[in-house]
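Chemist: What would the 3D arrangement of this be:
(chains A and B)
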There are 2 protein chains.
Amino acid sequence: MLILKIGGGKTINLKAIVADLKNIDQPFIVIHGANALRDEIAQKMGHPTKTVTSVSGYTSVLTDQVAMDIFMMAYAGLRNKRLVELCQQNNINAIGLTGLDGRLIRGHRKKAIKIKTKDKIKLIRDDLSGRPDKLNVDFLNSILAMGYVPFITPPILSYQGQALNTDNDNIVALLVKELSVKIVIHLLEAPGLLKNINDPDSLIKKISQKKLEFIEKTYTQGRIKRKMLSVRQAFANGVKKVVFADGRVDQPISQALKGKGTIII
Amino acid sequence: MLILKIGGGKTINLKAIVADLKNIDQPFIVIHGANALRDEIAQKMGHPTKTVTSVSGYTSVLTDQVAMDIFMMAYAGLRNKRLVELCQQNNINAIGLTGLDGRLIRGHRKKAIKIKTKDKIKLIRDDLSGRPDKLNVDFLNSILAMGYVPFITPPILSYQGQALNTDNDNIVALLVKELSVKIVIHLLEAPGLLKNINDPDSLIKKISQKKLEFIEKTYTQGRIKRKMLSVRQAFANGVKKVVFADGRVDQPISQALKGKGTIII
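Modeler: This is a model prediction of the structure:
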C-alpha cells in the first residue's frame, strides 16, 4: 500500500499528479488539502481565514461554524470533486470521501485554544478542530477491494458527531498505523525538505532514520517538527520509505519514486 | 427500497428530515438538491446563477465551468457534508456521493442549447449539463449491503469524464429503473402538488395512475409536466406509491408515509 499526500498549495500541479497516478504499481490512497483554495473562497465570501497563536506558540487556523461551511465548500466540494473528475478523465476510478462519510475518520475535538491578548489569557471555545484517532478500516478496505481509489479529505467526525478540521499529516499517521503501508509520498510546493526554507537550493536529499529525532528536536519551525514526528511514527508502524517531493513538476509521483526530493529510508 | 428526494429550497427543514429518517422501515437512498444555497453562494462569489430559455420554451440554469465550481461547493461540499454530519448526529451512517464518485451516475452531455436573441438563433455550447442514463448498481448495492445510507447529489459524470449538472428528478427515475424501488417520497417547499401553484390550499390529495397522463398533458408548467412524466415512468418500473409532501414541517417523512401531501397509488 502507498499513501500519497497532496498539499493544498496554490502552485501544486493537480493535472500532472493525477496523470501520473497510473505509474503507481500498488494499491494506494490519496489524502489531499485545499488550504490556498479555502483562503481564496473565504476571502470572496467575506469571511477571511483567521489564525490564532496559542500561548505555547503554536499557530493554527480558527475554524468556527462559518469557516467550516467554507472549509466544506473548498475541501469536500470543489477540490475533492474536481480531483475525482480529473481521475475519471484519466481512467482512475476515484471515490471522494471525508472523515464524515461512513464515519471513516473520527477524532476528539480540541477543547479550547488558550491565547494571550494584550493583558490576559483568553480561551477560544468555538474552534472546530481535533486530532484523528479512529479509522473505519473495514469501509476503506471494502472500497479498495472493489478496485476504487479513495481520495480522502477533512473534515473528520468528532465523537459528538461534529465536523472537525484537522492536520492532514495526522490523517496520514492514522492510515499508516491502521493499514499495511510501505511507502508514503508527500507532494509539496518545494523540491523537498529544505535546510533553509527560503533557499530552494538547500534540498536535503536523504535523511537516515537515526537523524530524524535529531532534526525533530533541533528544527524550530513547527511544521517541520511535526512532519519529522509523523515520519518517525510512520517507520515505527512498518513504513519502509517516506519521500517529500515537488508537487509542481511534471510526473511528480514518478520523480518521487525515482529518488527526487527528500528520501527517508 | 425507498427513495427520498429532498428539494433544494431555502425553507426545507433539513434537521426535521434527518431526525425523521429513523422512521423509515426499509433500506433507503436519499437524493438531495441545493439550488437556493447554490444561488446564494454564487451571488456572494460574484458569479450569480444565470438561466437561459431555449427556443422550445424550456428554461434552465446555465452551468459553465465557473458555475460548476460553485455547484460543487454548494451541492457536493456544503449541503452534502452538512447533511452527512446531521445524519451522524442522528446515528444514521450516511455516505455522501456525487455521480462522479466511483462512476456512480453517468450521462450524455447536452450538445448545445438553442436560444433566441433579439434577431437571431444562437447556440450555447459551454453548458455542462446532461441526462443521467447509467447507474453503477454494484457499487450502490455494496454500500447498501454494508449498512450505509447513500446521500446522492449531482454532478453526474459524462462519458467524456466531465462533471455535469442534471435534474434530480432524472436521477430518481434512473434509480427507480435500476433498483427494486417500492416508494418514492419527494419533499418540497409546499404541502404537496397544488392545483394552483399560488394557492397553498389547493392541495391535490390523491391522483390515480390513470389521471397522470391527463395531468401531464394539460399542465402547462414545465416542472409539473416533468414530475408527472417521472411518476408515470416510476409506476412503469414497479413503484407502488409516490408521495409529494411538505419538507418544511416536523416529521416530514412520517407525515408523508401517513398520507399527508399528494399521494399517487
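Chemist: phi, psi of A:K5?
Modeler: With angles defined as degrees, to the nearest 10, A:K5 sits at phi -110, psi 120.
Chemist: do A:N13 as well
Modeler: phi -90, psi 80.
Chemist: so it sits right up against A:P252, yeah?
Modeler: Yes. Taking C-beta atoms under 8 Å as the definition, A:N13 is a contact partner of A:P252 at 6.7 Å. Glycine gets a C-beta too; all of them are placed from N, C-alpha and C.
Chemist: These two - which one has more neighbours?
Modeler: A:P252 (25 against 19; other C-beta atoms under 10 Å in any protein chain shown).
Chemist: I'd guessed that one sits against A:F244; true?
Modeler: No. Contact between A:P252 and A:F244 fails when scored by C-beta under 8 Å: they sit 11.4 Å apart.
Chemist: Tell me which residues of stretch A:245-261 come out buried.
Modeler: A:245-249, A:251-257, A:260-261 (16 or more other C-beta atoms under 10 Å in any protein chain shown).
Chemist: Could you list which of these belong to strands?
Modeler: Counting by DSSP state E, the buried residues of stretch A:245-261 place A:A245, A:D246 in strands.
Chemist: Which pair in the buried residues of stretch A:245-261 has the greatest spatial separation?
Modeler: Greatest spatial distance in those: A:R248 and A:L257, 16.8 Å, computed using C-beta to C-beta.
Chemist: burial of whichever residue of chain A sits closest to chain B, as a residue count?
Modeler: Relative to chain B, the nearest point of chain A is A:G77 (2.0 Å; C-beta to the nearest C-beta). A count of neighbours around A:G77, defined by other C-beta under 10 Å, yields 32.
Chemist: Just say helix, strand or coil for it.
Modeler: helix (DSSP: H, G, I helix; E, B strand; the rest coil).
Chemist: List the residues that contact it.
Modeler: B:M72, B:M73, B:A74, B:Y75, B:A76, B:G77, B:L78, B:N80, B:K81 (C-beta atoms under 8 Å, 6 or more residues apart in numbering or on different chains).
Chemist: Filter the buried residues of stretch A:245-261 down to the ones in helices?
Modeler: The helices, defined by DSSP state H, take in A:P252, A:I253, A:S254, A:Q255, A:A256, A:L257 from these.
Chemist: On the C-terminal side of the helix or strand hosting A:C87, identify the next helix or strand.
Modeler: Counting by DSSP states H and E, the element that carries A:C87 is helix A:80-89. The helix or strand immediately downstream of helix A:80-89 is strand A:94-98, counting by DSSP H and E.
Chemist: Quick one: name whatever helix or strand follows that following strand.
Modeler: As assigned by DSSP H and E, the chain's next helix or strand after strand A:94-98 is strand A:105-109.
Chemist: Export that following strand to CSV, keeping only CA atoms.
Modeler: Output of strand A:105-109 as CSV, limited to C-alpha atoms (Å, rounded to 0.1, in the frame of the first residue of the first chain):
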residue,chain,number,x,y,z
ILE,A,105,-12.2,9.0,10.4
ARG,A,106,-13.1,10.0,13.9
GLY,A,107,-11.3,12.2,16.4
HIS,A,108,-11.5,14.1,19.7
ARG,A,109,-12.4,17.7,19.4
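Chemist: quick check: angle from it to helix B:80-89?
Modeler: 80 degrees (axes from the mean of the first three to the mean of the last three C-alpha atoms, to 10 degrees).
Chemist: Do me a favour and average the pLDDT over strand A:105-109.
Modeler: Regarding strand A:105-109, the rounded mean pLDDT is 98.
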